[in-house]
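J.: sequence first, predicted model second:
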Amino acid sequence: MSKYILISESALDAALVSGEFSADSMLPLEDFGIYKVVVNESTVGYRIANEPTSPILALIGEDWLEILHSEGGSPSEAFRRVARVIKGMKSPPVHLPRQWSEYHHKNLLTFFALPREVSSLRWVVDINSEVGCVKFDFLTSTEFAVDLAAFVPSDWPDEIHNLISTFLSYEVESRELAEFNSIAQEFDLKAIGSGSVVEGRSYEEWLKLLSDSQKDVLANDINTSVRIVGPAGSGKTLALCMRAIQIARDKSVEGEGKRLLVATHSWAMSERIDGVLSTLNGGFSPDKITVFPLLSLLELHAGHIGQQKTNVIGDDSTDGRVKSIEIIGEIILKLDIVNHPGIADWISSAVTASRDSRQRLDLTLNLYEELSGVLTASGVAPDDQESIQEYLSSPREDWMPPFDSIADRGYVIAVYKLFMQELVDRSAITTDQFILDSIRVLETFTWRMRKETEGYDYILIDELQVFDPQERTSLQLLGRSRRGVPFVTAEDPAQGVFSSLNSRRATVDNTPVYLEVVHRFNVQIFEFISYIYQQFPLNALPLKIHDTRGAGKERPAMRSFATDDEAVSQASKYIADIYAGAQTNDRICVVTLGDVDAAISSKLKELGLKTIRLESFDDVERLSYSRKSIVVSPWQFVGGTQFSHVVVLALGISQPSSQFGRLREMVSVYLSCSRATESLNIFCSGYVPLVLSNAADEKLLAV
């Protein structure tokens, strides 16, 4: 009986895409181009026919896989984590999603082997970069804390070089892969993310193809701060990454050992940027460029607060918001509004509305924005009566959520106190609080000394519109120079509710470059998206469509129904028709504005269609290994992606009661619809968002 399995990165990818694993042993099955070979009496190998010259490999103890199997772990989840580690070897050090709780010491790495709700077991792996292999040969529970500095890993098999050489020398005959349906074989995350940005071209190739405005970004001196502004599909991310490569290759940057940072808001976006940079750089990650989500950056430089007794809620900045909103939703249920006479009707109506109503959701979101953007940012403390009184009596600005009266803000304070108590009970802090704590650390003399070696000489930020002022401040403090470092930012003001606020608080002098030429859409979708874009108060620039884009087969369409149930039923049939006629490279996404994800997924399943639901920002990574699937996702999670066919379900929503709510609604419509490249269909029931009804009046939507 074998002791180890030796599996290549390519074979892992094939197994994860096919989903074909033994129900008894968790081992991959020989299908979809995977071959099983006996390497020696203790090792069985899994590879594909045409392995690259120096593949990255994983050596996994079979006994440990049996333990994971007994824990109830799914093979796809276990091997997805293995694949993530070996892919990280291409651009060391290996960094994993924060919820996996990674720890490093020299060549050792430990992290949760399965989702924490399934098992507390953790891998302790040994990374051997010399042979391009990671050994998964020890599992421990959180109850048995492993001191990596004192941990002694098991020995590598004798003659590991010969073992790998024998594994790779096996000649296997390529066989025809199993037939898939007409839709794309896999939802490759590169195809809808980084691949859609860079299209497989290098930096040198793109220099000849950039638009004039994208070339303007590169025309600036490398020490100039540049603000790249444009709508969805205008090539902002490409321009930002081209600028990063340009700076990294500059002789003065190379000669002086300067460091570049590309900061993002989530792990999914970091992976997208890393993929773009690698492709531009000829398939290799640029040595001098660090790509990291903000929260992990601050943990790295400001004290690893999230790995001590006090935990940070959320896996990255974006997920932290989602978790905080969930807590606020629970508090609304507990808080008796009888003790708050005089509050606005919209608040009292929302409190008494059903838990899954749009009114309740609007209140929850408004409370979150008030707690994080006003109270926390202003340093209001639940036990500081003076700061509370100042908050209650302070004038309101138009960007703030609609808590206009003192009675309204008294209710907010009551929610805030319960929210803070909940955090104390959990021994936790929010990502917003963690960022404020980090700012204080980064303002210390200690960091001023450390940043001479740990700071960055150039800072680039993608999707700037989703970063609030505190997050921007923390990023500025990561610069190596006290006088400030060059910033390059890319943003679409129409994709973030923070844009209005952030436009008032610019702290870096920069040269704006506006990208007005849109590459993503066909002409008919472009006309509709352009109309929505112009409805935002900050967007006055007229847009142009790239001359390579075709006219499209039909205008975007909107269909209205009497009830949500009827709309979901008709939408599912329509999606099935799109699926049946989809071409090989087509990709389909269903984007929801209200809470109908479960309903539409269930209907599609009844029709025999495979779906994959995104329920968090980190779920986007699952698209790397999801074949023949229709993606179902809330609008918040689809940023940075694009699909051939998009169906937007504007269901389970009601008319917003404030300017803040109206802005959020318009952002949700714009972000959802701008994911489509070839066809766009919108389903409504009862209430129709104003921007959609106006677009229909302008004949930009077929109804």
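T.: All right, it came through fine. Numbers count the residues shown, from 1 in each chain.
J.: low-confidence stretches in the stretch 551-700 of the chain?
T.: Confidence mapping of the stretch 551-700 of the chain against pLDDT under 70 gives the ranges 551-553, 616-628, 657-658.
J.: now the strands for it?
T.: Counting by DSSP state E, counting those that start in this stretch, the stretch 551-700 of the chain forms strands over residues 557-561, 588-592, 611-613, 630-634, 643-650, 676-685, given from the N-terminal end onward.
J.: now for the first one, which elements pack on it?
T.: When contacts are defined as 3 or more C-beta pairs under 8 Å, 6 or more residues apart in numbering; DSSP states H and E, strand 557-561 sits against helix 564-580, strand 676-685. For glycine as for every other residue, the C-beta is placed from the backbone atoms N, C-alpha and C.
J.: what about the strand or helix carrying residue 262, distance to the chain center?
T.: Residue 262 is part of strand 260-264 when elements are defined by DSSP states H and E. Taking the mean C-alpha point of strand 260-264 and that of its whole chain, the gap between them comes to 15 Å (C-alpha atoms, centre = their mean, to the nearest Å).
J.: try stretch 456-471
T.: Shown here is stretch 456-471, whose average C-alpha point lies 15 Å from the average C-alpha point of the whole chain (C-alpha atoms, centre = their mean).
J.: now residue 235: phi and psi?
T.: Listed backbone geometry of residue 235 is phi 90, psi 30, with angles given as degrees, to the nearest 10.
J.: ok, now which ones touch it?
T.: With contact set as C-beta atoms under 8 Å, 6 or more residues apart in numbering, residue 235 has these partners: 197, 210, 211, 214, 515, 517, 519.
J.: least confident of these?
T.: Model confidence across the contacts of residue 235 bottoms out at residue 197, which has 69.
J.: okay, how far is it across stretch 141-152, tip to tip?
T.: From its first residue to its last, stretch 141-152 covers 17 Å (C-alpha to C-alpha, to the nearest Å).
J.: about what we covered before: which helices and strands sit right next to the strand holding residue 262?
T.: Packing partners of strand 260-264 (3+ C-beta pairs under 8 Å, 6+ apart): helix 236-248, helix 267-280, strand 289-293, helix 294-302, strand 458-461.
J.: what lines up beside that strand in the sheet?
T.: Neighbouring strands of strand 260-264 in its sheet, by DSSP bridges, are strand 289-293 (parallel), strand 458-461 (parallel).
J.: of all the ones you listed, which lies closest to residue 376?
T.: Among the strands paired with strand 260-264, the nearest to residue 376 by C-beta to C-beta is strand 289-293 (19.8 Å).
J.: chain center to that closest one: distance?
T.: Mean-position distance between strand 289-293 and its chain equals 14 Å (C-alpha atoms, centre = their mean).
J.: all further residue positions should be reported with the first residue as 9.
T.: Right, with 9 as the first residue, what we last looked at is strand 297-301.
J.: mind listing residues that contact that strand?
T.: If you take C-beta under 8 Å, 6+ apart as the criterion, strand 297-301 is touched by 103, 252, 256, 267-275, 277-278, 281-282, 285, 308, 324-325, 464.
J.: so where's the stretch 9-158 of the chain shaky on pLDDT?
T.: Applying pLDDT under 70 to the stretch 9-158 of the chain flags the ranges 9-10, 39-40, 99, 105-107, 150-153.
J.: any of the contacts of residue 243 buried? List them.
T.: Neighbour counting over the contacts of residue 243 (16 or more other C-beta atoms under 10 Å) leaves 205, 218, 219, 222, 523, 525, 527 as the buried ones.
J.: and the contacts of strand 297-301, which of them are buried?
T.: By neighbour count, with 16+ other C-beta under 10 Å, those hold 103, 252, 256, 267-275, 277-278, 281-282, 285, 324-325, 464 as buried.
J.: pull out the buried residues from the longest helix that the chain contains.
T.: Of all the segments assigned as helix in the chain under DSSP state H, the longest by residue count is helix 414-434. Of the residues in helix 414-434, those buried by neighbour count under the rule 16+ other C-beta under 10 Å are 415-428, 430-431.
J.: which of those residues has the weakest pLDDT?
T.: Lowest model confidence among the buried residues of helix 414-434 falls on residue 431, which carries 81.
J.: look up the pLDDT of the residue most central in space within the chain for me, please.
T.: Within the chain, one residue has its C-alpha closest to the average C-alpha position: by C-alpha atoms, centre = their mean, that is residue 276, at 3.4 Å. With respect to pLDDT, residue 276 scores 70.
J.: need the contact list for residue 466.
T.: Residues counted as contacts of residue 466 (C-beta under 8 Å, 6+ apart) are 230, 252, 255, 261, 266, 267, 268, 269, 493, 494, 496.
J.: list the beta-bridge partners for it.
T.: On DSSP bridges, the residues paired with residue 466 through beta bridges are residue 268.
J.: compare the helices and strands packed on strand 268-272 and give me the one nearest residue 176.
T.: If we rank the helices and strands packed on strand 268-272 by C-beta to C-beta, the stretch that ends up nearest is helix 275-288, at 23.4 Å.
J.: just checking, what packs against that closest one?
T.: Here helix 275-288 touches helix 197-200, helix 202-206, helix 244-256, strand 268-272, strand 297-301, going by 3+ C-beta pairs under 8 Å, 6+ apart.
J.: cutoff 7 Å now
T.: helix 202-206, helix 244-256, strand 268-272, strand 297-301 (3 or more C-beta pairs under 7 Å, 6 or more residues apart in numbering; DSSP states H and E).
J.: to residue 17, which of these lies closest?
T.: When these are compared by C-beta to C-beta, helix 202-206 sits nearest residue 17, at 17.2 Å.
J.: pLDDT score for residue 556?
T.: The score at residue 556 is 49. That number is its pLDDT.
J.: ok, back up a step: now for the helices and strands packed on helix 275-288, which one comes closest to residue 442?
T.: In this view, the helices and strands packed on helix 275-288 are compared for proximity to residue 442 by C-beta to C-beta, and strand 297-301 is the closest at 12.8 Å.
J.: quick revisit: may I have the strand holding residue 270 as CSV, with CA atoms only?
T.: Once side chains and other backbone atoms are set aside, the C-alpha atoms of strand 268-272 remain, and they are given as CSV (Å, rounded to 0.1, in the frame of the first residue of the first chain):
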residue,chain,number,x,y,z
LEU,A,268,6.1,48.9,-5.2
LEU,A,269,2.8,48.0,-3.4
VAL,A,270,-0.5,47.3,-5.2
ALA,A,271,-3.2,47.5,-2.5
THR,A,272,-6.7,46.0,-3.0
